[in-house]
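*Asks:* Fold the following.
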Amino acid sequence: MSGSLGHRCRLFGPPRRSTRGVTAHDLRVTGTIPSALDGRYLRNGPNPFTPPDPSAYYWFLGDGMVHGIRLRDGKAEWYRNRWVRSTAISEALGETPVPGRRNAGMEAVNTNVIGLAGRTFAIVEAGANPVELTDELDSIRFSDFDGTLPNGFTAHPTRHPGTGRLHAANYCWTRPNLIEYVTVGPDGRVERAIDIEVPGNPMVHDCSITEHHFVLYDLPVTFDVDALMAGATFPYAWNDTYGARVGVMPLDGAADEVRWFEVEPCYVFHPLNAYEDGTEVVLDVVRHPKMFDRNRLGPDEGASTLWQWRLDTATGTTTERQLDDRAVEFPRVDERMVGRRHRGRPGRRRRLRTGPHHRRGGVRSACRRFARGRRLVSHPRPRRGDRSQRAVHPGRTGPRRRAGRHGAPAGTRTRRLPRQLDPQHLRAVTKAGDLSDLEHLEDLVAIVVDDLHRDLAGARNREGS
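*Replies:* Prediction:
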């Protein structure tokens, strides 16, 4: 899609400071927008109203700006961007500041935007109140959810797909040693809020739910008073002495029902999903090795990668394993599968399925890991003249013909199977009576079936051409 915005802005880019925002109607569309798409596509992010000093700018702290595109009847009706009105922005634009409580004096609401009870809210973590927006993205008020929100809110509430309720882990520097567990009903009002005691003042960016559990992350990025006194604009930093743990409690449980599971020190901004597997609570998370240690201006402490933590509620133990070694962030799962076992779970499928044929329950991720974290490899077509890639075709006694690996015909896409999925290995362990690796037979069948589908599709394409 491309919009006829001319030189005024890039689509979803920052406007010029002198404007109150950009509005464009009847956007030019390249391709086709499905007529069933009826709604707004919105995003929120930091966008400093006043140009900052790059050497000191912490890039989570810019003024909030919400961008949106309205889609209806196969058309892109409008594009808008609007600053979320803090008092400073309102006064700079000659406007009356919007009403509402500013919890802890925080006004940069710049991280997320959600729909709740037919209304739209810009939200941020660390104690600020949400800002309610009109359908056209103008700020209405700082909201306390009709008087029911006792403190601030979070950047990432998690919606239960069955009940529609939001579950949130809130924190604020003015309330040390506490994480607040808040549930908000589909009517947009807080149903309950309980305080969970923790040993410090941690930064809690997100939370997770399963069908029966709430999960909170108590990790070693904590409020740093010395940094605040030294003038830091974002006084949270890595704390080597704090430790790292994950709390599990029943949905709507009491504070004394939290069970804590220790993990290796790290930081998690965004979990992918969580689900229950027998007595285990399984968490797929994007794990940063450290955060705000050497660099206090933004995430820059090594690659973030996909990990799985299994918290056994029967034994109290934790199992951790890395699922992929490629850097990744902002993972998403189909929101109908939040809190439920998602398809493509690593170690049980050959890949996390993506694309239009695997939308239902599919994980939107480029990760391809399976069988205890080993990689699925597609070997390229052998290069001409490479004698190491030559073999006699099975059943033939004539001249050698060029072939792919494992004796496959030239050009065949073959896969190097891990030991657990190798057919000869499976036959061997079956004869020996060792059934420990037969749980991977499902993966082998999935690979064979997938290859058959691909070959059939290729045959149809050749017939059609």
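
*Asks:* which stretches of this structure form helices?
*Replies:* Along the chain, counting by DSSP state H, helices occupy 87-92, 225-229, 423-431, 441-464.

*Asks:* Check which residues of the second one are buried.
*Replies:* Applying a neighbour-count criterion of 16 or more other C-beta atoms under 10 Å, one finds A227 buried in helix 225-229. Bear in mind the C-beta positions are built from the backbone N, C-alpha and C, glycine included.

*Asks:* model confidence over that helix, on average?
*Replies:* Taken as a whole, helix 225-229 has a mean pLDDT of 88.

*Asks:* returning to that earlier point: which of the helices of the chain comes out lowest on mean pLDDT?
*Replies:* The minimum mean pLDDT among those belongs to helix 423-431 (a mean of 49).

*Asks:* which ones are touching H67?
*Replies:* H67 makes contact with F12, L42, R43, N44, Y79, R80, N81, according to C-beta atoms under 8 Å, 6 or more residues apart in numbering.

*Asks:* gap between the last one and P48?
*Replies:* When you say that, I think you mean N81. Going from N81 to P48 by C-beta to C-beta, to the nearest Å gives 14 Å.

*Asks:* neighbour count winner among those two?
*Replies:* Per other C-beta atoms under 10 Å, whichever of N81 and P48 has more neighbours is N81, with 23 against 16.

*Asks:* Wait, that one touches E136, no?
*Replies:* No. Here N81 does not reach E136: they are 11.1 Å apart, not a contact under C-beta atoms under 8 Å.

*Asks:* So what's the residue count around N295?
*Replies:* Neighbours of N295 using other C-beta under 10 Å come to 11.

*Asks:* Please give me every residue in contact with it.
*Replies:* Neighbour list for N295: E301 [criterion: C-beta under 8 Å, 6+ apart].

*Asks:* any idea how far it lies from H205?
*Replies:* 17 Å.

*Asks:* T318 now?
*Replies:* As judged by C-beta to C-beta, T318 and H205 stand 20 Å apart.

*Asks:* Report the contact partners of V286.
*Replies:* Counting by C-beta under 8 Å, 6+ apart, V286 touches 268-272, 304-307, 328-331.

*Asks:* May I see the PyMOL selection of the buried members of the residues you listed?
*Replies:* In PyMOL, selecting the buried portion of the contacts of V286, with burial taken from 16+ other C-beta under 10 Å, looks like this:
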select buried, resi 268+269+270+271+272+304+305+306+307+328+331
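
*Asks:* Count the residues that sit near R159.
*Replies:* R159: 19 neighbours (other C-beta under 10 Å).

*Asks:* where does the stretch 1-150 of the chain have low pLDDT?
*Replies:* For the stretch 1-150 of the chain, the stretches with pLDDT under 70 are 1-19.

*Asks:* Show me where it has its strands.
*Replies:* Along the stretch 1-150 of the chain, counting by DSSP state E, counting those that start in this stretch, strands occupy 22-25, 39-46, 64-72, 75-83, 112-116, 119-123, 131-133, 139-142.

*Asks:* Check which residues of the second one are buried.
*Replies:* Neighbour-count burial for strand 39-46 flags R40, L42, N44, G45, P46 (criterion: 16+ other C-beta under 10 Å).

*Asks:* What is the nearest of those residues to A314?
*Replies:* The nearest member of the buried residues of strand 39-46 to A314, counting by C-beta to C-beta, is N44 at 41.0 Å.

*Asks:* what pairs with the closest residue in space to the closest one that isn't next to it in sequence across the strands?
*Replies:* Leaving out its chain neighbours, the residue that sits closest to N44 by C-beta to C-beta, 6 or more residues apart in numbering is V113, at 4.2 Å. Beta bridges link V113 to A122, judged by DSSP bridges.

*Asks:* ditto for G45
*Replies:* M65.

*Asks:* can you pull the contacts of it?
*Replies:* G62, G64, M65, N110, T111.

*Asks:* what's the burial count for the closest residue to A117 other than its chain neighbours?
*Replies:* Nearest residue to A117, sequence neighbours excluded (C-beta to C-beta, 6+ apart): G188, at 3.1 Å. By other C-beta under 10 Å, 18 other residues sit near G188.
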